[in-house]
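J.: Generate a structure from the sequence data that follows.
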Amino acid sequence: MTRRSRGGGGGGGASSSAAAAAASSSSALLRLALDAKTRDLTIDGVALFRGVSRALVATPFAHARSAPSPAHPDGRAVAAMTLSFESPDGTPRSRHAHALARSFADGVRFVACSRCKLWWMSPAWGAAARDVPSETQFMLFELEGGRGYVALVPTIAEGGFRSTLTGHRADAAIARAIERTREDADEDADDDDAALDSTLSLVTESNCAECATASVKHALAMTACACPFRAVEAAMAMARDVMSSSFRLRREKTTPPTTDVFGWCTWDAFYHQVTPAGIEEGVGSLRDGGTPPRFVIIDDGWQSVQARSISHWFPYDRVGVPDDAFKKQTDHISGDVDVGAAGAESRDLAALEAMDRMPKGDARAHAHELHEHSLALRVKTREATAVVVDAATHPIAAAAHPKRAARGVLSLLGASLASGFETVYWRGIHNVPYDSHAWRALRFAAQCVFSPVIRFAFSAISCFNHRVSGIEANIKFQLDGGPVGLGEGVTHGSPRKKRKRGDGFGRVVERIRRLGVEHVYCWHALFGYWGGLHPNEPGTARFNPKMRYPRHTPGVMTVEPSQAWDPITVGGVGATSPEDLEAFYRELHAYLASAGVDGVKVDGQAIVGGLGQGHGGGPALAGKLHRALEASVRENFPRGDSLINCMCHSTENIFHFESSNLARVSDDFYPLNHASHTVHIANVAYNSVFMGEVVIPDWDMFHSHDDAGRRGTGALHAAARAVGGCPVYVSDKPDNHGAFYLTLVPVRPHFDVLRSLVFPSGRVLRAKLPGRPTRDCLFVDVTRDERTALKVWNVNARGGVLACFNIQGAHWSRERGVYAIDTDAPRAVTATLRVTDVVGLREAARAEATAAGRSDVEELTYACKATGGAKHGGTKISILREEDAFARELEGKAWEIYAIAPVMRRGDVEFTPIALEGMLNGGGAVAATSLSAPKGEEGDGGGGGGGGGGAIGVVSVYGCGALACYANFEPTRVSVDGMRTTFSYARDDGALVVNIGTAEGTHDVRVEFGGARRV
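T.: Got it, this is the predicted structure:
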């Protein structure tokens, strides 16, 4: 007898009307209106915002529609409006602020995507304006009781005026000051702390003093709908329209082929010390484990870059361009660093060494959070990342070696001093409030008093003040010979030789491709490198770079006050005109294409907002650069979509992704910072609600093994990628896969985690949409409320996938600007899962039943099976109705994934394929299926009658191994590709497991039922 799991419960121009500006064209829509008299923004007559500024004017938008669906090919109509404004006193300004709300209605909740750094966004949750961070670029509101949802998308208006939302009291005060310039202003309006703290402001600015305006049209796009995800889809489509299609939606663009194959990135494997030999070792290691990467990103470390000369930082020094010895000390990126025999380098990196190789700015800072700042000294403790330590190089181990004791002591002392300085910095300096007296003093000291010293120091110890010195790859990648390739039987210890003529980079790429890699991308920054183009090097002088110093908006400085003394701010960027930078892109990409590279990852994009002075502002400059960048990619690479956008979380960038369809949606993956791992999962899921409408979300690389001395992080990240609808790529060191290190001796590498994502061919099963939180956890902080599980939903070609995670215990602290640990032992949480958590699944199932002529459209059931997680075991299947629910308890960092598939019914036979066994998103293997009566037999196509007559189920499935299905009869015969095959059947829950063989590929499975006794 089939089992049914029962349950319930929740988880969680201007208006012509003097009365209201309504955005409703049908009685079936929610009514979104701005009352001209009370200045309340209402949905179906219920207030969402009170006290909207009289400067804001609503314009109904009649053509807003959600994304197409099986039942609605043209999408669904959604209530929508835009808000425009005109300065009350008619004064042109480069920065405006207006009150969008003096207060929120009771019972309202929101989730927002707000910048947490110059480069990145993270989610924020709350119920009041004071909870809205500066630089909020997207908001989604829920009315009390879930009666409706409103999406807000601040736009970039004509003329390059970018809008954001903020609950910061300084902006509320500005908004109030501007409002008082109106002739009909309320002079008695409250300006006390409570009034300022309850105000949500709409800020619109160009970040260029010369670019000012008195009015802005369509500064904010708004939609209202009964479904939050439909509201977001319509709001983003409307934003595209009012911005004259400066960007296109994800569904309107092509899908890069790299998203459906397994990849490997060099960054967290080698950082800047990446070499051709190291790349071959990394690819070969994964290939030998049965999970071959077909996509490789050669990250930072391949370019020819150089620090500025000493005379730039010390004008009184008569030394010109540094000599070779100085270059070797400062230019650690293009130094010729050997990577020894296969696997040796990867095992000889201690945690301290890995951090030392990271840049001294953002990435390194996050490896030294308050809970991690003494990691160099804690490698001997249980909380350290216990990677094998090389006694010849590691300072602690060296101290015990007689011949290296002195050097070890000095290194240890230096590490201790550095650790102490970092502790002081992160506790007392990093997040000094913007515009405070202390902040002003620190800015003055950094940019004036100690500027030459700071610039020189950062040139020596950091890559952020290094600049491109030539188009060609650096010396490491121009060496030819040596390791010709693993496939040719040449060892990594073979001697290297320089090519007699020409550039050896093409030879490097050729060797990588011989290992089975199909796509090779190279990294570069939007301005060439972190510090831009070198103004004094012959290799870049033709692009006319000049030193420019970023000037960020007050919002950015509020979010990240330390940008005032950031190495890029203090050291400057070698920037050039948009036209010259376009020439640089074309020359660089042509060089890469000639070497066999077929795409680029472009990093460091958000800096553009601070460099717009003289170019019409940051948004205007960003538009020019992205058009130039995308044009160069289309011109030089085989596909026009061969571009990954990164460090791009400002709408200056996001709203200019016209043809590129892939972008990182989170801060970096930080292997050594265990506080960041769970927060990373939250960030990618919630940011995908917004960014997933514009691009395929990139949830970043990860390590398949466990990091930061924490068991289970590799599997946790793998599970997230399985439901993320994102590319799957890792950054494992060679021979360092799936192992958990308890001591200085590594466990033997294994590939179980990777094999649950990757086929032997290197193909992956990517879900069809961006993975997003389910409706019942959208408006809850799943990282720190101590009771809510994160649930992420997605769909496959047929059926859906639903994952639940316990990611409590750590969060991103906006106050301190660091990842913060709340508890090392988060309590268990309970996840309640439902079929209806997967948006659109019911609609797709009914469309399938209707198309097949079945009469069970209103009586659908669904087969649910765990495909991975702490409690995953066997093939146990539950049959659920649409109203059913089931609960799962999750310990800290635990997770589970479920495949859900609609059950087909023909006569008395019930059947559905569910998932390929052994794959986390095994449901993604099922391409199509049908259930029909045997030829020549008559029968009811619906759920009744038929007297137990036969039926034939046909499944098209990709992969190898075993296919898990549900059937209420034991089949009489099962065949795969026309050949009879073995299967097992469990009568207690109807689990049917079909052996589809060991050959990977697309298989046609035929399951025949007839004359069987019902289970």
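
J.: Any regions of this structure where pLDDT drops low?
T.: 1-28, 183-191, 308-419, 458-461, 480-502, 707-710, 739-749, 870-875, 936-949, 1011-1015 (pLDDT under 70).

J.: which residue is nearest the middle of it?
T.: Against the mean C-alpha coordinate of the chain, by Cα atoms, centre = their mean, the closest residue is residue 665 at 2.3 Å.

J.: Please look at that residue and residue 697 and confirm they touch.
T.: Yes - in this structure residue 665 lies within contact range of residue 697 using Cβ atoms under 8 Å: 4.2 Å. C-beta here means a position set from N, CA and C on the backbone, and glycine is covered the same way.

J.: how close does the residue nearest to the centre of the chain sit to residue 971?
T.: Counting by Cβ to Cβ, to the nearest Å, the gap from residue 665 to residue 971 is 43 Å.

J.: What residue, apart from its backbone neighbours, is nearest residue 768 spatially?
T.: Counting by Cβ to Cβ, 6 or more residues apart in numbering, residue 768 lies nearest to residue 795, which is 5.3 Å off, once chain neighbours are set aside.

J.: Could you give the bridge partners of the one you found?
T.: Beta-bridge pairing for residue 795 (DSSP bridges): residue 800.

J.: so how many other residues sit close to it?
T.: Counted with other Cβ atoms under 10 Å, residues neighbouring residue 795 total 20.

J.: Might you report the residue contacts of the closest residue to residue 49 other than its chain neighbours?
T.: Nearest non-adjacent residue to residue 49, counting by Cβ to Cβ, 6+ apart: residue 101, 3.5 Å away. Going by Cβ atoms under 8 Å, 6 or more residues apart in numbering, residue 101 touches 41, 48, 49, 50, 51, 52, 129, 199, 200.

J.: And residue 638, by the same measure?
T.: Residue 638 makes contact with residue 598, according to Cβ under 8 Å, 6+ apart.

J.: residues touching residue 531, list them.
T.: Residue 531 neighbours (Cβ under 8 Å, 6+ apart): 308, 464, 465, 466, 467, 568, 571, 572, 573, 574.

J.: quick one: residue 790 and residue 771 touch, right?
T.: No - contact between residue 790 and residue 771 fails when scored by Cβ under 8 Å: they sit 10.5 Å apart.

J.: Common neighbours of these two, please.
T.: residue 685.

J.: longest strand in the protein, by residue count?
T.: strand 991-1009 (DSSP state E).

J.: what's the distance between residue 139 and residue 531?
T.: Plainly put, residue 139 is 35 Å away from residue 531 if you go by Cβ to Cβ.

J.: which residues of the stretch 551-700 of the chain fall in strands?
T.: Here the stretch 551-700 of the chain has its strands, by DSSP state E, counting those that start in this stretch, at 573-575, 599-603, 643-645, 662-664, 696-698.

J.: Distance to residue 504 and mean neighbour count added to those, as JSON lines?
T.: Output for the strands of the stretch 551-700 of the chain, formatted as JSON lines (distance: least, Cβ to Cβ, whole Å; neighbours: other Cβ atoms under 10 Å):
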{"stretch": "strand 573-575", "distance to residue 504": "26", "mean neighbour count": "28"}
{"stretch": "strand 599-603", "distance to residue 504": "20", "mean neighbour count": "24"}
{"stretch": "strand 643-645", "distance to residue 504": "25", "mean neighbour count": "27"}
{"stretch": "strand 662-664", "distance to residue 504": "29", "mean neighbour count": "26"}
{"stretch": "strand 696-698", "distance to residue 504": "30", "mean neighbour count": "27"}
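
J.: Please convert the ones you listed to CSV, extending it with distance to residue 613.
T.: What follows is the strands of the stretch 551-700 of the chain, written out as CSV (distance: least, Cβ to Cβ, whole Å):
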stretch, distance to residue 613
strand 573-575, 11
strand 599-603, 22
strand 643-645, 23
strand 662-664, 26
strand 696-698, 31
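
J.: Please name whichever of those is nearest to residue 150.
T.: Ranking the strands of the stretch 551-700 of the chain by proximity to residue 150 (Cβ to Cβ) places strand 696-698 first, at 23.0 Å.

J.: which residues are in contact with the closest one?
T.: Here strand 696-698 makes contact (Cβ under 8 Å, 6+ apart) with 250, 255-256, 259, 644, 646, 661-665, 684, 687-688, 691, 724-727, 770-771.

J.: One more: stretch 250-260?
T.: By Cβ under 8 Å, 6+ apart, the residues outside stretch 250-260 that reach it are 67-68, 295, 518-519, 521, 599, 639-642, 659-662, 692-696, 726-727, 763-764, 766, 770.

J.: Filter those residues down to just the buried residues.
T.: By neighbour count, with 16 or more other Cβ atoms under 10 Å, the contacts of stretch 250-260 hold 67, 295, 519, 521, 599, 640-642, 659-662, 692-696, 726-727, 763-764, 766, 770 as buried.

J.: before we move on, the earlier item: in helices, which of the contacts of stretch 250-260 fall?
T.: The members of the contacts of stretch 250-260 all map outside helices under DSSP state H.

J.: pretty sure residue 438 is in a strand, no?
T.: No - per DSSP: H, G, I helix; E, B strand; the rest coil, residue 438 lies outside any strand segment and is helix.
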